[in-house]
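>>> based on what follows, work out the 3D shape:
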Amino acid sequence: MLNRVLLAMILAFLLPSTIYGAQSGSYPSGPRGATGPVGPRGATGATGATGPTGPSGGGSSAMTALLASTDVLYTRWIPRYTPNDYSWNSVTYGNGLFVAVAYDGGVNGIMTSPDGVTWTTRVNPAPAALWWSVTYGGSLFVAVAVNNAYTAQTVMTSPDGILWTLRVGTAQQWGSVVYNGAYFCAVAMNGGISDGAMRSVNGITWNHYATPTPQGWTSVAYSSTTHLFASVSNTGFVNGIMTSSDCITWTPITNARTTIWYSVAYGNGVFLATSNDASPFLRSTDGVVWNDVALPSTTDTYKGLVYGHGIFMSMSNENTEPKWMTSPDGLVWTYGLAAPLSIQIQVVSMTYGNGLFVSVAQSGTGQRVLTNGIFGLGP
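The predicted structure is shown next:
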């Protein structure tokens, strides 16, 4: 009961009263009791007892429906202060903790938050490394770097997001890492044909594998439905998408248009990729056939992309007031400006955890994190 009361107070603050009232589903109070009889001169009889309150109108299910409404709740972004103005390039959520890494943060190039609001810097075991991507799986945080002074120590791991240990990968520029429930898979932004991907069961020992072409593989995602990895390239060459069932053998996708791809995510039976051109999204249900998504032409570049709470969420990367887009299926989209932020940041990475979307940015003054949602109302 206390949680429902707190939730009602939060929603009453976040949402217009007309919307909240229409969704609440509460019955009116029962009739007021009759006034007691008038007593002797100078004294009025006591007021009768108030009648019982009517039964609950099922407000809990109505609030659940309201929380899932992408055009009401997930339009309000809140800027959060970060400990340092570093280029925060990637963020993930796991084990009750948000973790972000920076590619120029030096010894303080890691930060964590239990709620997306308050962030704490953590010691980076390789200050010279340009940490580019972080993920969580198998009770382990894993981050990969695009460079660590040209050494092979381009991986670091942590069981809690706080204390980190360097691991040996290769001296490649690792652009993205993901976990599929059994092992980690990473792709390289400068990977040669012989070693553009690597795989690890425990995050410690890594094996390297060939990719079809030496492209700048900048993002990788995994589908638990098709059991495929999909990776996209930012070099603008043909065959800029590749797939694999095991992170070992990769197949180039020949039907996707040639452009610069930034991010790929999976959710609700759909792979979705973002690009830098006027048609920003490419969509696939099987990882094999990819189709353009018909949207109004835009000059904005959308880099941040994640799936959570039943929707895809993407944010622009223009060093202006950030814009957002949401979609349940990658076809029908809702647009908006993250006003009234009045801040200029470049969002590059997003994650979702326990009811909250979190975005991190490469630029901005003091506030390089944006949050959206209500933490604690997962999944």
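>>> next, count neighbours for residue 276.
Using other C-beta atoms under 10 Å, residue 276 has 16 neighbouring residues. All C-beta atoms are positioned from the backbone trio N, CA, C, and that covers glycine.
>>> do you know how far it is from residue 301?
5 Å (C-beta to C-beta, to the nearest Å).
>>> intersection of neighbour lists for the two?
By C-beta atoms under 8 Å, 6 or more residues apart in numbering, residue 276 and residue 301 have these common neighbours: residue 262.
>>> just so I have it, where are all the strands in the stretch 151-300 of the chain?
155-158, 165-167, 174-179, 184-188, 197-200, 207-209, 217-223, 228-233, 241-244, 251-252, 261-267, 270-275, 281-284, 291-292 (DSSP state E, counting those that start in this stretch).
>>> out of those strands, nearest to residue 359?
strand 261-267 (12.1 Å; C-beta to C-beta).
>>> distance from the chain centre to the closest one, please.
11 Å (C-alpha atoms, centre = their mean, to the nearest Å).
>>> tell me the strands beside that strand, with direction?
If you go by DSSP bridges, strand 261-267 pairs up with strand 270-275 (antiparallel).
>>> tell me where the stretch 251-379 of the chain has helices.
Counting by DSSP state H, counting those that start in this stretch, one finds no helices in the stretch 251-379 of the chain.
>>> low pLDDT regions in it?
Judged by pLDDT under 70, the stretch 251-379 of the chain has its weakly predicted residues at 278, 296-299, 319-321, 337-342, 377-379.
>>> please repeat the previous calculation with a cut-off of 80.
255, 276-279, 294-301, 317-322, 335-345, 374-379 (pLDDT under 80).
>>> on that earlier part again, got TSV for the strands of the stretch 151-300 of the chain, with mean neighbour count and distance to residue 78 too?
Below are the strands of the stretch 151-300 of the chain laid out as TSV (neighbours: other C-beta atoms under 10 Å; distance: least, C-beta to C-beta, whole Å):
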stretch	mean neighbour count	distance to residue 78
strand 155-158	24	27
strand 165-167	17	34
strand 174-179	25	27
strand 184-188	28	32
strand 197-200	24	36
strand 207-209	16	41
strand 217-223	25	26
strand 228-233	27	30
strand 241-244	24	34
strand 251-252	15	41
strand 261-267	24	22
strand 270-275	25	23
strand 281-284	22	26
strand 291-292	14	33
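>>> between the ones you listed, which one is closest to residue 322.
Distance to residue 322, taken as C-beta to C-beta, is lowest for strand 270-275 among these, at 14.0 Å.
>>> chain center to stretch 235-248: distance?
Mean-position distance between stretch 235-248 and its chain equals 23 Å (C-alpha atoms, centre = their mean).
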